[in-house]
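Chemist: Got a predicted structure here, sequence first:
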Amino acid sequence: MRVLPKANELCWCGSGKKYKRCHKETMEPVHAGRVSPRLPVPDTIDKPTWADGGRIERWDEPRVKSPEVIERMRRTCREAADTLAFLGTLCQPGVTTDEIDRACHNECLRRNSYPSPLEYPGGGGVAPFPKSLCTSVNEVICHGIPDDRPLADGDIVNLDVTLFKEGVHGDTNATFFVGEVDDLSRRLTVVTRDCLLRGIDAAKPGRPLNEIGRAIQSCAETQGFGVVRDFVGHGIGEQFHTELQVCHYYHPRLNDVLEPGMTFTIEPMITAGSWRVRLWTDGWTAVTADSSRTAQFEHTILITDDGNEILTTPTDPSSHPYWSL
(Lines give C-alpha, C1' and ligand atoms only; values in the text may rest on other atoms or scores of the structure.)
Protein backbone atom coordinates (compact mmCIF):
# COMPACT_ATOMS: atom_id res chain seq x y z
CA MET A 1 0.00 0.00 0.00
CA ARG A 2 2.93 2.35 0.52
CA VAL A 3 6.58 2.50 -0.50
CA LEU A 4 9.17 3.35 2.13
CA PRO A 5 12.73 4.38 1.26
CA LYS A 6 15.30 1.59 1.41
CA ALA A 7 17.55 1.61 4.45
CA ASN A 8 20.49 3.28 2.68
CA GLU A 9 18.41 5.75 0.68
CA LEU A 10 17.96 9.34 1.80
CA CYS A 11 15.19 9.85 4.33
CA TRP A 12 11.96 11.39 3.07
CA CYS A 13 12.23 14.20 5.65
CA GLY A 14 14.97 16.08 3.80
CA SER A 15 17.52 15.80 6.61
CA GLY A 16 20.20 14.51 4.21
CA LYS A 17 20.66 11.42 6.38
CA LYS A 18 20.08 7.84 5.31
CA TYR A 19 16.63 6.54 6.15
CA LYS A 20 18.04 3.91 8.54
CA ARG A 21 19.77 6.67 10.53
CA CYS A 22 16.80 8.98 10.61
CA HIS A 23 13.05 8.15 10.62
CA LYS A 24 13.19 4.38 10.07
CA GLU A 25 13.20 3.62 13.78
CA THR A 26 10.77 6.33 14.87
CA MET A 27 8.03 6.43 12.24
CA GLU A 28 5.56 3.62 11.75
CA PRO A 29 3.84 3.43 8.36
CA VAL A 30 0.11 4.03 8.15
CA HIS A 31 -1.75 0.78 7.54
CA ALA A 32 -5.42 0.34 6.73
CA GLY A 33 -7.48 -0.77 9.70
CA ARG A 34 -10.96 -2.24 10.02
CA VAL A 35 -13.73 -0.06 8.61
CA SER A 36 -16.98 -0.20 10.57
CA PRO A 37 -20.41 -0.33 8.90
CA ARG A 38 -21.90 2.79 7.33
CA LEU A 39 -23.88 4.95 9.72
CA PRO A 40 -27.51 5.73 8.84
CA VAL A 41 -29.01 9.14 8.08
CA PRO A 42 -32.73 9.61 8.86
CA ASP A 43 -35.14 10.54 6.09
CA THR A 44 -35.98 13.75 7.91
CA ILE A 45 -32.67 15.21 6.72
CA ASP A 46 -32.35 16.53 3.16
CA LYS A 47 -29.88 14.41 1.19
CA PRO A 48 -27.80 14.87 -1.95
CA THR A 49 -28.65 12.78 -4.99
CA TRP A 50 -26.04 10.08 -4.28
CA ALA A 51 -27.39 9.19 -0.84
CA ASP A 52 -29.05 5.80 -0.29
CA GLY A 53 -27.47 4.27 -3.37
CA GLY A 54 -28.26 7.11 -5.77
CA ARG A 55 -25.92 8.76 -8.25
CA ILE A 56 -24.31 12.13 -8.82
CA GLU A 57 -26.45 14.42 -10.95
CA ARG A 58 -24.60 17.03 -13.00
CA TRP A 59 -25.95 20.26 -14.42
CA ASP A 60 -24.56 23.54 -15.69
CA GLU A 61 -24.46 25.39 -12.38
CA PRO A 62 -23.58 29.09 -12.80
CA ARG A 63 -20.09 30.02 -11.63
CA VAL A 64 -21.46 33.32 -10.36
CA LYS A 65 -23.97 32.54 -7.64
CA SER A 66 -27.16 34.46 -6.93
CA PRO A 67 -27.41 36.44 -3.66
CA GLU A 68 -29.93 33.86 -2.39
CA VAL A 69 -27.56 30.93 -3.01
CA ILE A 70 -24.69 32.86 -1.41
CA GLU A 71 -26.72 33.42 1.75
CA ARG A 72 -27.48 29.71 2.00
CA MET A 73 -23.79 28.93 1.46
CA ARG A 74 -22.77 31.34 4.22
CA ARG A 75 -24.93 29.48 6.70
CA THR A 76 -23.90 25.98 5.60
CA CYS A 77 -20.20 26.84 5.42
CA ARG A 78 -20.35 28.27 8.94
CA GLU A 79 -21.89 24.99 10.14
CA ALA A 80 -19.05 23.04 8.47
CA ALA A 81 -16.41 25.29 10.04
CA ASP A 82 -17.88 24.92 13.52
CA THR A 83 -18.02 21.14 13.05
CA LEU A 84 -14.34 21.05 12.03
CA ALA A 85 -13.29 23.13 15.02
CA PHE A 86 -15.11 20.72 17.34
CA LEU A 87 -13.61 17.61 15.72
CA GLY A 88 -10.12 19.02 16.03
CA THR A 89 -10.38 18.79 19.81
CA LEU A 90 -10.71 15.00 19.47
CA CYS A 91 -7.33 14.48 17.77
CA GLN A 92 -5.57 12.89 20.74
CA PRO A 93 -3.31 9.85 21.09
CA GLY A 94 -5.35 6.65 21.38
CA VAL A 95 -8.46 8.03 19.66
CA THR A 96 -9.37 6.18 16.47
CA THR A 97 -10.30 7.95 13.26
CA ASP A 98 -13.49 5.87 13.33
CA GLU A 99 -14.42 7.52 16.62
CA ILE A 100 -13.83 10.95 15.07
CA ASP A 101 -15.95 9.96 12.08
CA ARG A 102 -18.82 8.91 14.35
CA ALA A 103 -18.56 12.23 16.18
CA CYS A 104 -18.66 14.03 12.82
CA HIS A 105 -21.69 12.03 11.72
CA ASN A 106 -23.59 12.75 14.91
CA GLU A 107 -22.66 16.44 14.78
CA CYS A 108 -23.94 16.69 11.20
CA LEU A 109 -27.25 15.12 12.19
CA ARG A 110 -27.49 17.41 15.22
CA ARG A 111 -27.13 20.33 12.82
CA ASN A 112 -29.84 18.87 10.56
CA SER A 113 -27.30 18.42 7.76
CA TYR A 114 -25.96 15.57 5.64
CA PRO A 115 -22.24 14.65 5.65
CA SER A 116 -21.47 15.12 1.94
CA PRO A 117 -18.69 12.46 1.63
CA LEU A 118 -21.01 9.67 2.82
CA GLU A 119 -21.75 7.31 -0.09
CA TYR A 120 -20.10 9.67 -2.58
CA PRO A 121 -19.62 7.49 -5.70
CA GLY A 122 -16.15 6.35 -6.70
CA GLY A 123 -15.03 6.12 -10.31
CA GLY A 124 -13.99 3.06 -12.26
CA GLY A 125 -15.89 0.55 -10.17
CA VAL A 126 -14.58 1.86 -6.83
CA ALA A 127 -17.11 1.47 -4.02
CA PRO A 128 -18.79 4.64 -2.72
CA PHE A 129 -16.99 6.43 0.11
CA PRO A 130 -18.18 4.64 3.27
CA LYS A 131 -17.75 7.36 5.88
CA SER A 132 -18.90 10.86 6.81
CA LEU A 133 -15.42 12.34 7.06
CA CYS A 134 -12.01 12.02 5.35
CA THR A 135 -9.17 11.41 7.83
CA SER A 136 -5.69 11.58 6.29
CA VAL A 137 -2.82 10.64 8.61
CA ASN A 138 0.90 11.38 8.09
CA GLU A 139 1.77 10.39 4.49
CA VAL A 140 -1.90 10.15 3.41
CA ILE A 141 -2.53 13.13 1.12
CA CYS A 142 -6.31 13.01 1.04
CA HIS A 143 -9.44 10.82 1.10
CA GLY A 144 -8.28 8.62 3.95
CA ILE A 145 -11.05 6.33 5.17
CA PRO A 146 -11.69 6.39 8.95
CA ASP A 147 -10.99 3.04 10.62
CA ASP A 148 -10.00 1.47 13.93
CA ARG A 149 -6.35 2.56 13.85
CA PRO A 150 -5.66 4.66 16.98
CA LEU A 151 -3.89 7.95 16.46
CA ALA A 152 -0.39 7.90 17.93
CA ASP A 153 1.69 10.56 19.63
CA GLY A 154 3.57 12.41 16.89
CA ASP A 155 1.00 11.86 14.12
CA ILE A 156 -0.46 14.65 12.06
CA VAL A 157 -4.00 14.17 10.79
CA ASN A 158 -6.11 16.11 8.32
CA LEU A 159 -9.86 16.21 8.89
CA ASP A 160 -11.89 17.09 5.79
CA VAL A 161 -15.48 18.12 6.59
CA THR A 162 -18.25 18.85 4.08
CA LEU A 163 -21.87 19.48 5.03
CA PHE A 164 -24.95 19.54 2.81
CA LYS A 165 -27.73 21.75 4.14
CA GLU A 166 -30.29 24.08 2.60
CA GLY A 167 -29.45 22.56 -0.77
CA VAL A 168 -25.78 23.66 -0.77
CA HIS A 169 -22.41 22.28 0.32
CA GLY A 170 -19.81 23.81 2.65
CA ASP A 171 -16.30 22.30 2.45
CA THR A 172 -13.32 22.85 4.77
CA ASN A 173 -10.39 20.98 6.26
CA ALA A 174 -7.39 21.39 8.53
CA THR A 175 -4.36 19.46 9.75
CA PHE A 176 -4.04 18.78 13.48
CA PHE A 177 -1.13 17.72 15.67
CA VAL A 178 -1.54 14.56 17.76
CA GLY A 179 0.50 14.97 20.91
CA GLU A 180 4.06 16.18 20.36
CA VAL A 181 5.15 16.21 16.70
CA ASP A 182 8.65 16.47 15.25
CA ASP A 183 10.03 19.79 14.00
CA LEU A 184 9.66 18.94 10.32
CA SER A 185 5.98 18.00 10.69
CA ARG A 186 5.34 21.22 12.58
CA ARG A 187 7.11 23.34 9.95
CA LEU A 188 5.34 21.51 7.12
CA THR A 189 1.96 22.19 8.70
CA VAL A 190 2.71 25.87 9.34
CA VAL A 191 3.91 26.38 5.76
CA THR A 192 0.79 24.61 4.44
CA ARG A 193 -1.36 27.00 6.48
CA ASP A 194 0.60 29.89 5.00
CA CYS A 195 0.13 28.48 1.48
CA LEU A 196 -3.64 28.53 1.94
CA LEU A 197 -3.60 32.11 3.18
CA ARG A 198 -1.33 33.20 0.30
CA GLY A 199 -3.69 31.54 -2.16
CA ILE A 200 -6.68 33.31 -0.62
CA ASP A 201 -4.85 36.65 -0.77
CA ALA A 202 -4.32 36.10 -4.52
CA ALA A 203 -8.03 35.43 -5.16
CA LYS A 204 -9.31 38.86 -6.18
CA PRO A 205 -11.84 39.99 -8.81
CA GLY A 206 -10.29 40.73 -12.20
CA ARG A 207 -7.28 38.50 -11.57
CA PRO A 208 -6.66 35.25 -13.46
CA LEU A 209 -7.51 32.05 -11.60
CA ASN A 210 -3.96 30.71 -11.94
CA GLU A 211 -2.56 33.46 -9.72
CA ILE A 212 -3.87 31.39 -6.79
CA GLY A 213 -1.67 28.46 -7.79
CA ARG A 214 1.31 30.71 -8.47
CA ALA A 215 1.13 32.16 -4.96
CA ILE A 216 0.80 28.72 -3.33
CA GLN A 217 3.60 27.12 -5.34
CA SER A 218 5.97 29.98 -4.59
CA CYS A 219 5.21 29.81 -0.86
CA ALA A 220 5.77 26.03 -0.69
CA GLU A 221 8.80 25.67 -2.91
CA THR A 222 10.77 28.54 -1.40
CA GLN A 223 10.51 26.60 1.88
CA GLY A 224 11.69 23.36 0.26
CA PHE A 225 8.31 21.63 0.10
CA GLY A 226 6.34 20.08 -2.77
CA VAL A 227 2.86 20.83 -4.13
CA VAL A 228 0.56 17.93 -5.07
CA ARG A 229 -0.70 18.20 -8.66
CA ASP A 230 -3.17 15.31 -8.79
CA PHE A 231 -5.87 16.92 -6.63
CA VAL A 232 -7.25 20.44 -6.97
CA GLY A 233 -9.69 22.88 -5.45
CA HIS A 234 -13.11 23.10 -7.09
CA GLY A 235 -16.20 25.13 -7.66
CA ILE A 236 -18.89 24.44 -5.10
CA GLY A 237 -22.46 25.44 -4.40
CA GLU A 238 -25.60 23.42 -5.02
CA GLN A 239 -23.22 20.78 -6.38
CA PHE A 240 -20.36 19.40 -4.28
CA HIS A 241 -17.97 19.73 -7.25
CA THR A 242 -18.66 21.99 -10.22
CA GLU A 243 -16.55 22.21 -13.38
CA LEU A 244 -14.30 24.99 -12.05
CA GLN A 245 -10.83 23.71 -11.10
CA VAL A 246 -8.39 25.52 -8.82
CA CYS A 247 -4.83 24.23 -9.24
CA HIS A 248 -2.44 24.78 -6.35
CA TYR A 249 0.51 25.23 -8.72
CA TYR A 250 0.86 27.64 -11.62
CA HIS A 251 -1.04 26.33 -14.66
CA PRO A 252 -0.72 28.75 -17.59
CA ARG A 253 -3.94 27.69 -19.28
CA LEU A 254 -6.15 28.16 -16.20
CA ASN A 255 -6.42 31.89 -16.78
CA ASP A 256 -10.17 32.41 -16.33
CA VAL A 257 -10.85 35.82 -14.83
CA LEU A 258 -12.25 35.79 -11.30
CA GLU A 259 -15.65 37.50 -10.94
CA PRO A 260 -17.66 38.63 -7.93
CA GLY A 261 -20.11 35.90 -6.92
CA MET A 262 -17.83 32.95 -7.72
CA THR A 263 -17.56 30.34 -4.95
CA PHE A 264 -14.84 27.69 -4.82
CA THR A 265 -12.43 25.88 -2.54
CA ILE A 266 -8.72 26.44 -2.12
CA GLU A 267 -7.14 23.38 -0.50
CA PRO A 268 -3.37 23.02 -1.04
CA MET A 269 -1.77 19.66 -0.28
CA ILE A 270 1.91 20.26 0.57
CA THR A 271 4.55 17.53 0.97
CA ALA A 272 7.84 17.20 2.82
CA GLY A 273 9.25 15.20 -0.11
CA SER A 274 7.91 14.14 -3.49
CA TRP A 275 4.60 15.62 -4.63
CA ARG A 276 3.83 12.49 -6.65
CA VAL A 277 0.95 10.24 -5.61
CA ARG A 278 0.25 6.53 -5.07
CA LEU A 279 -3.25 5.16 -4.57
CA TRP A 280 -4.16 2.39 -2.15
CA THR A 281 -6.16 -0.56 -3.37
CA ASP A 282 -9.33 0.87 -1.78
CA GLY A 283 -9.40 3.33 -4.67
CA TRP A 284 -9.66 6.35 -2.36
CA THR A 285 -6.62 6.69 -0.10
CA ALA A 286 -3.89 8.73 -1.80
CA VAL A 287 -0.39 8.71 -0.29
CA THR A 288 2.90 10.34 -1.19
CA ALA A 289 5.00 8.21 -3.56
CA ASP A 290 8.05 8.39 -1.27
CA SER A 291 6.06 8.10 1.98
CA SER A 292 6.97 11.62 3.07
CA ARG A 293 4.54 13.45 5.28
CA THR A 294 1.94 15.81 3.88
CA ALA A 295 -0.42 18.45 5.26
CA GLN A 296 -3.50 20.28 3.96
CA PHE A 297 -5.80 23.18 4.82
CA GLU A 298 -8.97 24.23 3.00
CA HIS A 299 -11.49 27.04 2.89
CA THR A 300 -14.54 27.69 0.74
CA ILE A 301 -14.34 31.29 -0.45
CA LEU A 302 -16.54 33.83 -2.22
CA ILE A 303 -15.14 36.41 -4.64
CA THR A 304 -16.53 39.83 -3.69
CA ASP A 305 -16.49 43.22 -5.42
CA ASP A 306 -13.29 44.26 -3.65
CA GLY A 307 -11.63 40.99 -2.67
CA ASN A 308 -12.98 37.78 -1.16
CA GLU A 309 -14.83 36.40 1.80
CA ILE A 310 -13.88 33.20 3.63
CA LEU A 311 -17.21 31.43 3.98
CA THR A 312 -15.86 28.62 6.18
CA THR A 313 -14.99 30.89 9.11
CA PRO A 314 -16.23 29.42 12.42
CA THR A 315 -18.57 31.30 14.72
CA ASP A 316 -15.56 31.93 16.97
CA PRO A 317 -12.81 32.77 14.43
CA SER A 318 -10.08 32.22 17.03
CA SER A 319 -11.13 28.55 17.24
CA HIS A 320 -9.86 27.84 13.72
CA PRO A 321 -6.87 25.49 14.10
CA TYR A 322 -4.47 27.55 12.02
CA TRP A 323 -4.43 30.36 14.55
CA SER A 324 -2.80 28.09 17.13
CA LEU A 325 0.16 27.02 14.96
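Modeler: Happy to help now that I have it. Numbering: from 1, shown residues only.
Chemist: What residues sit buried inside stretch 156-169?
Modeler: Buried residues in stretch 156-169, defined by neighbour count with 16 or more other C-beta atoms under 10 Å: 156-166, 168-169. C-beta: built from backbone N, CA, C; applies to glycine.
Chemist: ok, the residues you listed vs residue 53, which is closest?
Modeler: Out of these, the one with the shortest distance to residue 53 is residue 164. That distance is 16.4 Å, counting by C-beta to C-beta.
Chemist: Surely that closest one is in a strand?
Modeler: Yes: counting by DSSP: H, G, I helix; E, B strand; the rest coil, residue 164 is found in a strand.
Chemist: give me every residue that touches the closest residue to residue 210 other than its chain neighbours.
Modeler: Once flanking residues are discounted, residue 210 sits nearest to residue 254: 4.5 Å by C-beta to C-beta, 6 or more residues apart in numbering. Contacts here follow C-beta atoms under 8 Å, 6 or more residues apart in numbering; on that basis residue 254 touches 208, 209, 210, 213, 245, 247.
Chemist: tell me the strands in the stretch 151-300 of the chain, going along the chain?
Modeler: Assigned by DSSP state E, counting those that start in this stretch, the strands in the stretch 151-300 of the chain fall at 156-165, 168-177, 226-227, 233-234, 245-246, 263-266, 269-271, 277-279, 286-288, 294-296, 299-303.
Chemist: neighbours of residue 105, just the number please.
Modeler: By the measure other C-beta atoms under 10 Å, the count of residues near residue 105 is 21.
Chemist: give me the element it is part of.
Modeler: Residue 105 belongs to helix 97-110 when elements are defined using DSSP states H and E.
Chemist: From the rest of the structure, what touches the helix or strand following that helix?
Modeler: Tracing the chain past helix 97-110, the next element assigned as helix or strand by DSSP H and E is strand 114-115. Residues outside strand 114-115 that contact it (C-beta under 8 Å, 6+ apart): 41, 45-48, 51, 104-105, 108, 132-133, 161-165.
Chemist: Let's see that with 7 Å instead.
Modeler: Strand 114-115 is contacted from outside by 41, 45-48, 51, 104-105, 108, 132-133, 163-164, using C-beta atoms under 7 Å, 6 or more residues apart in numbering.
Chemist: farthest pair in the residues you listed?
Modeler: 46 and 133 (19.0 Å).
Chemist: And those two? Which one has more around it.
Modeler: Neighbour count, other C-beta under 10 Å: between residue 46 and residue 133, residue 133 has more, with 30 against 14.
Chemist: Pull up the per-residue confidence for the closest residue to that one other than its chain neighbours.
Modeler: If the residues on either side of it in the chain are set aside, residue 133 comes closest to residue 104, at 4.2 Å by C-beta to C-beta, 6+ apart. On pLDDT, residue 104 comes in at 98.
Chemist: what's the closest residue to residue 115 other than its chain neighbours in contact with, if anything?
Modeler: Nearest in space to residue 115, with sequence neighbours left out and distances taken as C-beta to C-beta, 6+ apart, is residue 132 at 3.4 Å. Taking C-beta under 7 Å, 6+ apart as the criterion, residue 132 is in contact with 39, 101, 104, 105, 108, 115, 117, 118.
Chemist: which element is residue 132 on?
Modeler: Taking DSSP H and E as the criterion, residue 132 maps to no regular element, lying outside all helices and strands.
Chemist: any idea how far residue 271 is from it?
Modeler: Relative to residue 271, residue 132 is positioned 26 Å away (criterion: C-beta to C-beta, to the nearest Å).
Chemist: Likewise for residue 229?
Modeler: Residue 229 sits 11 Å away from residue 271, taking C-beta to C-beta as the criterion.
Chemist: Could you do residue 283 as well?
Modeler: Computed as C-beta to C-beta, the residue 283 to residue 271 distance reads 21 Å.
Chemist: Quick one: neighbours of the closest residue to residue 99 other than its chain neighbours, just the number.
Modeler: With C-beta to C-beta, 6+ apart as the criterion, residue 99 has its nearest non-adjacent residue at 7.2 Å, and that residue is residue 90. Number of residues near residue 90 (other C-beta under 10 Å) recorded here: 17.
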